[in-house]
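>>> just a sequence and a predicted model for now, questions to come.
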Amino acid sequence: MSMEDLSSVLWRERDLLELLLFKLEVEQLVLAGGRSHWLPAAAREIEAVLAEIREVELLRSVRVDELAEEIGLDPNPSLSQIAEASPEPWKTLWLDHRESFATVAAQITEMSQSNRVLLTAGYQAAQATLLSLTERAPTYDAAGAVGTLTRTGLVDRSL
């Protein structure tokens, strides 16, 4: 029965990882579209999925250890080790799960890095805009050295 239990948990984890990838893509669309007012909602949704993933990872750890004991493996084996110790069709199923996890993990990493770049660019653009509204903003001269640009009359401070 442990193989069926572990399989169910792994399917749930795969679904959640794909949902996380979807939520990260939504966040990317929000960032790329300049719709920053939706960013907190997108971040909350990502955090909710991450919390669910943490819960399922705990359950997976328990199920893996139960199955490891049942099939004579040391605690905390990898899916590859479980596959090697399992008969067909389970062996193929465990290897399929392993491949799917590796693929979606790479996609999540790539999407997260891309979103981080967009967030950083957005922060830098906002910072540059705010600096341009002050009377003295850092800038570069013709030689590439850091200088200060003095702006006058850009913002009426008497309001």
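Thanks, I have it.
>>> ranges for the strands of the protein?
136-140, 146-150 (DSSP state E).
>>> Ile46 contacts Leu20, correct?
Yes - Ile46 is within contact range of Leu20, at 6.9 Å (criterion: Cβ atoms under 8 Å). Where you see a C-beta, it was placed from the backbone N, CA and C, and this is true even at glycine.
>>> ok, those two, which is more surrounded?
Per other Cβ atoms under 10 Å, whichever of Ile46 and Leu20 has more neighbours is Leu20, with 22 against 18.
>>> quick one: contacts for the nearest residue in space to that one that is not next to it in sequence?
Excluding the flanking residues, the one nearest Leu20 by Cβ to Cβ, 6 or more residues apart in numbering is Val49, at 4.7 Å. Applying Cβ atoms under 8 Å, 6 or more residues apart in numbering, we find Val49 in contact with Leu16, Leu19, Leu20, Lys23.
>>> just Asp74 next, same as before
Here Asp74 is in contact with Ala68 (Cβ under 8 Å, 6+ apart).
>>> any figure for the gap between it and Lys91?
18 Å (Cβ to Cβ, to the nearest Å).
>>> swap in Asp15?
Distance from Asp15 to Lys91, by Cβ to Cβ: 22 Å.
>>> just Arg14 next, same as before
Taking Cβ to Cβ, one finds Arg14 at 18 Å from Lys91.
>>> chain neighbours aside, what residue packs nearest to the residue nearest the centre of the chain?
In the chain, the residue lying closest to the centroid (Cα atoms, centre = their mean) is Ser112, at 4.5 Å. In space, and not counting its chain neighbours, Ser112 is closest to Leu24: 6.3 Å by Cβ to Cβ, 6+ apart.
>>> count of residues packed around that neighbour?
Neighbours around Leu24, by other Cβ under 10 Å: 21.
>>> who are the neighbours in contact with it?
Ile46, Ile108, Met111, Ser112, Asn115.
>>> return the subset of the residues you listed lying in helices.
Ile46, Ile108, Met111, Ser112, Asn115 (DSSP state H).
>>> ok, those residues vs Leu29, which is closest?
Using Cβ to Cβ, Asn115 is the member of the ones in helices among the contacts of Leu24 that sits closest to Leu29, with 10.1 Å.
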